[in-house]
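*Asks:* I'll drop the sequence and a predicted model, then ask my questions.
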Amino acid sequence: MDSRIKRIYVPMTGSGFYILFCLRQPQHGYGISRQVRQMTDGELVISAGTMYGTLSKMEKDGLIAFEREEEKRKLYQITELGKEVLQLEIKRIERMYKNSKGEEVNGCCVFPNFIGSIESNSPLRIGFTMFLAILILIYSYLIVYCGLKLRKLKEKYRND
């Protein structure tokens with residue numbers, strides 16, 4: 001895959017993703033628009049300008065190809081290059097989803113999952129919770145202490 005194509009299309013916009021995703025089967029713009037609206041419960045509505053501009057650009061870049069005309073409507077389908085781009089985007093989305101759930105990705109685990117995986121009454125969880133509480137108390141104390149020091153300094157310079 002050309003690095004220019006990857007740079008342009010990954011990450012994809014929501015509209016671009018759904019258009020390419022829907023073209024795994026031959027479709028025309030209006031059919032794609034209906035399918036996207038249905039798949040997203042109406043949250044994503046692709047305007048005609050966005051639809052046909054995106055189809056034109058994707059065709060020019062080789063991600064989709066004109067297949068045939070049916071009742072004065074052009075039907076497009078995804079190409080091998082388009083499938084590669086779509087697969088990259090799906091992997092990117094899956095990685096973000098796993099990260100958001102605190103699942104391990106490439107040997108790295110997001111912090112919240114660590115706490116959630118410890119039994120609620122275990123000494124480790126209790127100790128960790130106490131440690132966080134102490135850190136919060138120290139932080140709060142420092143904020144109050146620094147605030148008081150600043151106030152005294154301001155008063156001192158006002159009196160001088």
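*Replies:* In hand now; what should we look at?

*Asks:* Find the residue ranges of the protein scoring beneath the pLDDT cut-off.
*Replies:* Along the chain, the model assigns pLDDT under 70 to residues 102, 104-122, 125, 160.

*Asks:* which one's the longest helix in it?
*Replies:* Scanning the chain for the longest helix, with DSSP state H as the assignment, gives helix 123-159.

*Asks:* quick one: that helix to chain centroid distance?
*Replies:* The chain centre lies 36 Å from the centre of helix 123-159; the measure is Cα atoms, centre = their mean, to the nearest Å.

*Asks:* That one - contacts with which helices or strands?
*Replies:* For helix 123-159, not one helix or strand is in contact under the criterion 3 or more Cβ pairs under 8 Å, 6 or more residues apart in numbering; DSSP states H and E. Glycine gets a C-beta too; all of them are placed from N, C-alpha and C.

*Asks:* Domain boundaries for the protein, per the record?
*Replies:* Structural domains assigned to the chain are 3-100, 118-159, following automatic domain parsing.

*Asks:* Tell me how many other residues crowd Ile138.
*Replies:* Using other Cβ atoms under 10 Å, the number of residues around Ile138 comes to 10.

*Asks:* Please enumerate the helices of this protein.
*Replies:* Under DSSP H, the chain gives helices at 3-9, 14-22, 29-39, 48-61, 80-100, 111-117, 123-159.

*Asks:* Pick the most buried one from those helices.
*Replies:* Ranked by mean neighbour count, the helices of the chain are led by helix 14-22 with a mean of 20 (mean count of other Cβ atoms under 10 Å).

*Asks:* which outside residues touch that one?
*Replies:* Taking contacts as Cβ atoms under 8 Å, 6 or more residues apart in numbering, the residues outside helix 14-22 that touch it are 9, 12, 31-32, 35-36, 39-40, 44, 46, 50-51, 54-55, 58, 63-64, 78, 82, 85-86, 89.

*Asks:* will you turn the helices of the chain into CSV that also has distance to Glu69?
*Replies:* CSV is the format used below for the helices of the chain (distance: least, Cβ to Cβ, whole Å):
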stretch, distance to Glu69
helix 3-9, 26
helix 14-22, 18
helix 29-39, 13
helix 48-61, 14
helix 80-100, 20
helix 111-117, 51
helix 123-159, 64
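
*Asks:* Perfect, that will be all.
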